[in-house]
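Enquirer: give me a model of this one.
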Amino acid sequence: MENKREHLGSRLGFILLSAGCAVGMGNVWKFPWMTGQYGGATFVIIYIGFLILLGLPIMSVEYAIGRAAQKSPVKMFEELEPKGSKWHRYWVLAYAANWLLMMFYSVVTGWMFYYFLGMILSKFENKDAAEISGVFGEMLSNPKLLIIATLVVVVLGFAILGFGVQKGLEKVNKVMMITLLALIIILAIRAVGLEGGAKGLEFYLKPSIEPFKEKGVWTVINAAMSQAFFTLSLGIGSIAIFGSYIGKDRSLLGESLNVVGLDTLVALIAGLIIFPCCSAFGVDAGSGPSLIFVTLPNIFSNMSGGRVWGSLFFLFMSFAAFSTILAVYENIVACTMELFSINRKKACISCGILMFILSMPCALGFNVLSGFEPFEPGSSILDIEDFLVSNIALPLGSLCYVLFVSFKNHGWGWDNFINEVNQGEGLKFPYKLRKYMLIVIPIIILITFVMGMIDKFSYLWK
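Expert: Next comes the predicted model:
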């Protein structure tokens, strides 16, 4: 059966949806601890530079291909490619990567929901640091709890999408994103005003060459480049799908700039919450991935009104994670509808059931299946799923998008891309950037890919 193409109801809905896809745990979880570990303001400046040099043009490419094709990622390249070419084979990477991403993202979003509920129910009050750390371990070791939390995320996500693009996805995401922005501003004002928070702000806002001395210039640059690249969820069609839902009244570089700007704003404000808090309560801001689930609950338990502020923080975290869930679930549903020629309701039900089943290895990887360590000791099934998406699918997928528009005779072509990306009012994509897109960006992507591989497997020769 042929499914009529749905469209978003407003430009605001498009911007908030795209930002919702990009805004997620990469902004409010990974960005703060990466900033803490790699030098504060110095890392942030390099990170923003790579967002402009790398993220902005690739996002414009995804939007342009999506809008021109009016298809989901499994059919976009097939719709636009020259006859006889093989670009359409990209659909396998896109479809598989979206499923893989959500197989662990659904589980971790369940953690956010659990911590939000725990804050409301005073689960962290009157506990010392060791006890709060134990809460995280207890959660991971409880398979029943993780299964239920994941089920809630999956059912809620696909139920919302069942109402359609405008009535379900766009409507709910608007409320979530506007609430998220209000929450993060309120939390930042509270954190910046904490006594003793000035030192954390200085670390976050005042550049220094010390990170280069401590970590090495290349290490800091590569970390910033990787974070900028992965925070926008580029390369697997999660952004391109929304290009297919919008009209041609606005040029796409300007829209990309709006989304990248909003995504970056959320990440930067998240830092304004976390670093003053760490400084005020004498906590190491470079404590790594445990910063959100162990360090911050410790801070909230010692803060005046900590239960309220902790609840608001994890509500914000839940909205950030769930906005990405909705966006990528929608990508999966749209692809499934086109691949199997089924309607939205059937796609949501079948994808929901399959998503829950496929998420179980990650949920059980911390308890029942904890003996499986795919990388170094202590690694889990989540690590291998994240590796396949972050280190392989995202960079290689982005490379496909960039080369597809840059090749004159063997891809969609530069002129076709420029005509599409610049159609409508707004900021125009410079025609003369073709060589930059054809040569420089692929080199940056390949460097990111190779260095990511080296970093991931460095434990083998340590």
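Enquirer: what ranges do the helices span in the stretch 101-250 of the chain?
Expert: 129-140, 143-161, 171-192, 198-205, 210-215, 217-231, 240-243 (DSSP state H, counting those that start in this stretch).
Enquirer: so, low pLDDT: which residues of the stretch 351-462 of the chain?
Expert: Applying pLDDT under 70 to the stretch 351-462 of the chain picks out residues 462.
Enquirer: circling back to that earlier point, comparing the helices of the stretch 101-250 of the chain, which comes out most buried?
Expert: helix 240-243 (a mean of 28; mean count of other Cβ atoms under 10 Å). From N, CA and C alone the C-beta is placed, and that goes for glycine too.
Enquirer: now the angle from the helix or strand that it is followed by to helix 198-205?
Expert: Next helix or strand after helix 240-243 toward the C-terminus (DSSP states H and E): helix 252-280. Here the directions of helix 252-280 and helix 198-205 differ by 150 degrees (axes from the mean of the first three to the mean of the last three Cα atoms, to 10 degrees).
Enquirer: so which bits of the helix or strand just after helix 252-280 are buried?
Expert: Once the chain leaves helix 252-280, the next helix or strand it forms, by DSSP H and E, is helix 295-302. Neighbour-count burial for helix 295-302, with 16 or more other Cβ atoms under 10 Å as criterion, is recorded at 295, 296, 297, 298, 299, 300, 301.
Enquirer: test my guess that the third one contacts residue 132.
Expert: Yes: applying Cβ atoms under 8 Å as the test, residue 297 and residue 132 come out as touching, 5.0 Å apart.
Enquirer: intersection of neighbour lists for these two?
Expert: Residues touching both residue 297 and residue 132 (Cβ atoms under 8 Å, 6 or more residues apart in numbering): residue 124.
Enquirer: related to what we said a few turns ago, and of the helices of the stretch 101-250 of the chain, who's closest to residue 359?
Expert: For residue 359, the closest of the helices of the stretch 101-250 of the chain is helix 143-161, at 5.1 Å, according to Cβ to Cβ.
Enquirer: measure the nearest residue to residue 433 once chain neighbours are set aside to residue 440 for me?
Expert: Spatial nearest neighbour of residue 433, excluding adjacent residues (Cβ to Cβ, 6 or more residues apart in numbering): residue 57 at 7.1 Å. In this view, residue 57 and residue 440 are 10 Å apart by Cβ to Cβ, to the nearest Å.
Enquirer: of those two, who's got more company?
Expert: residue 57 (22 against 15; other Cβ atoms under 10 Å).
Enquirer: what residue ranges in the stretch 101-250 of the chain score low on pLDDT?
Expert: Residues of the stretch 101-250 of the chain that meet the criterion pLDDT under 70 lie in 129.
Enquirer: buried residues in the lengthiest helix in the chain, which are they?
Expert: The helix that spans the most residues within the chain, counting by DSSP state H, is helix 306-340. Applying a neighbour-count criterion of 16+ other Cβ under 10 Å, one finds 306-307, 309-338 buried in helix 306-340.
Enquirer: who are the packing partners of the helix or strand hosting residue 96?
Expert: If you go by DSSP H and E, residue 96 is part of helix 90-120. Using 3 or more Cβ pairs under 8 Å, 6 or more residues apart in numbering; DSSP states H and E, the elements in contact with helix 90-120 are helix 76-80, helix 129-140, helix 143-161, helix 295-302, helix 306-340, helix 344-364, helix 381-387, helix 394-406.
Enquirer: mind listing what's buried along the shortest one?
Expert: In terms of neighbour count (16+ other Cβ under 10 Å), helix 76-80 has its buried residues at 76, 77, 80.
Enquirer: just the CA trace of it, in CSV.
Expert: Extracted C-alpha coordinates of helix 76-80, given in CSV (Å, rounded to 0.1, in the frame of the first residue of the first chain):
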residue,chain,number,x,y,z
MET,A,76,16.2,8.6,0.1
PHE,A,77,19.3,7.6,-1.9
GLU,A,78,17.4,5.3,-4.2
GLU,A,79,15.1,8.2,-5.1
LEU,A,80,17.9,10.6,-5.9
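Enquirer: mind giving me the packing neighbours of it?
Expert: Under the contact definition 3+ Cβ pairs under 8 Å, 6+ apart, helix 76-80 sits against helix 56-69, helix 90-120, helix 394-406.
Enquirer: out of those helices, flag the one nearest residue 387.
Expert: Using Cβ to Cβ, the helices and strands packed on helix 76-80 put helix 90-120 closest to residue 387, at 9.8 Å.
Enquirer: now that closest one, how far from the chain's geometric center?
Expert: Relative to its parent chain, helix 90-120 has a centroid offset of 10 Å by Cα atoms, centre = their mean, to the nearest Å.
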